[in-house]
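Novice: got a predicted model here, sequence first, then my questions.
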Amino acid sequence: MDLFAKAEQANRQKAEPLAARMRPRTLDEMIGQSHLLAPGKLLRRLVVSKRIQSLLFYGPPGTGKTTLARLIAAETKSAFRQLNAVTSGIKELRESLEWAQTELSVTGARPILFIDEIHRFNRSQQDALLPDVEAGTISLVGATTSNPFFSVNGALLSRSQIFELHPLTEEDIAELLNRALRDPERGFGKLNIDVESDAIAFCAKMAEGDARRALNAIEVAILSSNQFPVKLSVPLMQESMQKKILQFDPSGDQHYDMASALIKSIRGSDVDASLYWLARAIESGEEIRFLTRRLVILASEDIGNADPQALVLAVAAMQACEFVGLPECQLTLSQAVIYLALAPKSNSATTAIGSAREEVRSGKLIAVPNHLRDGHYPGSKQLGHGAGYAYAHDHEEGVAAQDYLGVDRQFYKPVERGHEVELARRYEELQRKLKPQKP
């Protein structure tokens, strides 16, 4: 490397943000993800043995997906090329696959093709990778913030090892920040910085597992300070940390995870957890219609006749939200969620229709009893249809003792909660009247 090239490289490194400069250079420098990289763990074994096939890294931003891909290439001494699925099309993809074929032919070593945000590739682009993955032309490493089981096609999934990266712990981020403050070459080790211990702890907590966000914040704090020596304090960090933008994809796993957390919290009668997940959904930009539909479904599925007013309230909330819109409809949603969470729970309506439909699907269909068949058309009497039918209103309390099914079945099994206690009593009373021959 000549003098000019060295100067150019130094200038590029100087312009890099702290998060880029502090990327680990070896696997041993990697902070966090010990469940993947600790000695004896599968990913570590694959790297050490240089047996990299196709990998998918799945996790939130700032957990080291890109860094890990680069480290794997360095550790295995593999040629490396990176694409971003947001900015690359089929042309760039084909050029990269041709590059990989040339690398393999010339060196005999399989190169690594790293595709960031691989879930942004459409189905045809993902399918274009299959022949080279199957032939072993490339070691594909894909990174995604979306659950690959939702966003990557099944053919690629079946040919890849999937590794989930976890958000870094506060201890991990604090260690990374202290390393950046001490490092004289890549970090701020040459500067005179008075660090308050609480400032590091604050930054580590507010980063919420995102190493990049923490490093960016501490870099902004130090470079923007007009004090000398720099005093890294909690107030300075509060100014330097921007509000985190909630990651949300209406077709991704976070959408389903938050909806699941909301419904399960309401079903579990934890009103505070329910309100938190509702707030997360609203702040993330979840579609209000989706939320109200889920609440209407829950009102029947998980509350049912334990509190018949739950469905009335949920439907009213859906209509009100449609009419009012945000931001005011958050009040309606809050009211509905609180009521539904505190309501007595019963899934008897859910299990009842499930049992009845299972009976129908079994193929052993029950014939309509003659006395229940339509007896109003000419010739029905000749067939005996409707004969012997007891008109309910002609009997005491409007209940006639007759068989309405033809076989002995019980699909509805009321629970002893809420209003369904009264329905259970009513059910038993009616069964005795409808089938007096039974004890």
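Specialist: Everything's here; your move.
Novice: how about low-confidence regions in the stretch 1-150 of the chain?
Specialist: 1-14 (pLDDT under 70).
Novice: tell me where it has strands.
Specialist: Under the criterion DSSP state E, counting those that start in this stretch, the stretch 1-150 of the chain contains strands at 55-58, 80-84, 112-116, 139-144.
Novice: okay, these in CSV with mean neighbour count and distance to residue 349 next?
Specialist: Bear in mind the C-beta positions are built from the backbone N, C-alpha and C, glycine included. Converted to CSV, these look like this (neighbours: other Cβ atoms under 10 Å; distance: least, Cβ to Cβ, whole Å):
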stretch, mean neighbour count, distance to residue 349
strand 55-58, 24, 37
strand 80-84, 17, 49
strand 112-116, 25, 47
strand 139-144, 26, 39
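Novice: ok, which of the ones you listed comes nearest residue 305?
Specialist: Closest of these to residue 305 is strand 55-58, at 41.7 Å (criterion: Cβ to Cβ).
Novice: helices or strands up against the closest one?
Specialist: Strand 55-58 is packed against helix 65-76, strand 139-144, strand 161-164, with contacts defined by 3 or more Cβ pairs under 8 Å, 6 or more residues apart in numbering; DSSP states H and E.
Novice: hmm, try it at 10 Å
Specialist: Under the contact definition 3 or more Cβ pairs under 10 Å, 6 or more residues apart in numbering; DSSP states H and E, strand 55-58 sits against helix 42-48, helix 65-76, strand 112-116, strand 139-144, helix 148-151, strand 161-164.
Novice: who does that strand pair up with?
Specialist: Each strand that pairs with strand 55-58, with its direction, by DSSP bridges: strand 139-144 (parallel), strand 161-164 (parallel).
Novice: could you dump those into a markdown table and include distance to residue 198?
Specialist: Output for the strands paired with strand 55-58, formatted as a markdown table (distance: least, Cβ to Cβ, whole Å):
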| stretch | distance to residue 198 |
| --- | --- |
| strand 139-144 | 34 |
| strand 161-164 | 32 |
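Novice: tell me which of these approaches residue 213 most closely.
Specialist: Closest among those, using Cβ to Cβ: strand 139-144, at 17.2 Å.
Novice: go through the biggest helix by length in the chain and flag the buried ones.
Specialist: When the chain is parsed with DSSP state H, its longest helix is helix 90-107. Buried residues in helix 90-107, counted by 16 or more other Cβ atoms under 10 Å: 93, 96, 97, 100, 103, 104.
Novice: now, among those, which is nearest to residue 180?
Specialist: residue 96 (32.9 Å).
Novice: how close does that closest one sit to residue 124?
Specialist: 16 Å (Cβ to Cβ, to the nearest Å).
Novice: what of residue 113?
Specialist: Taken as Cβ to Cβ, the span from residue 113 to residue 124 is 17 Å.
Novice: cool, residue 342 as well?
Specialist: 50 Å.
Novice: okay, these two: which has more neighbours?
Specialist: Neighbours per residue (other Cβ atoms under 10 Å) separate residue 342 from residue 124, with residue 342 holding more: 13 against 9.
Novice: check contacts around the more buried one.
Specialist: Residue 342 makes contacts with 266, 269, 270, 271, 274, 307, as judged by Cβ atoms under 10 Å, 6 or more residues apart in numbering.
Novice: which of these fall within helices?
Specialist: Reading helices off the contacts of residue 342 with DSSP H, I get 266, 271, 274.
Novice: from the residues you listed, pick the one nearest residue 406.
Specialist: residue 266 (39.2 Å).
Novice: so for that closest one, what's the pLDDT?
Specialist: What the model reports as pLDDT for residue 266 is 93.
Novice: in stretch 413-428, what counts as buried?
Specialist: So for stretch 413-428, counting by 16+ other Cβ under 10 Å, buried means 414, 415, 417, 418, 419, 420, 423, 424.
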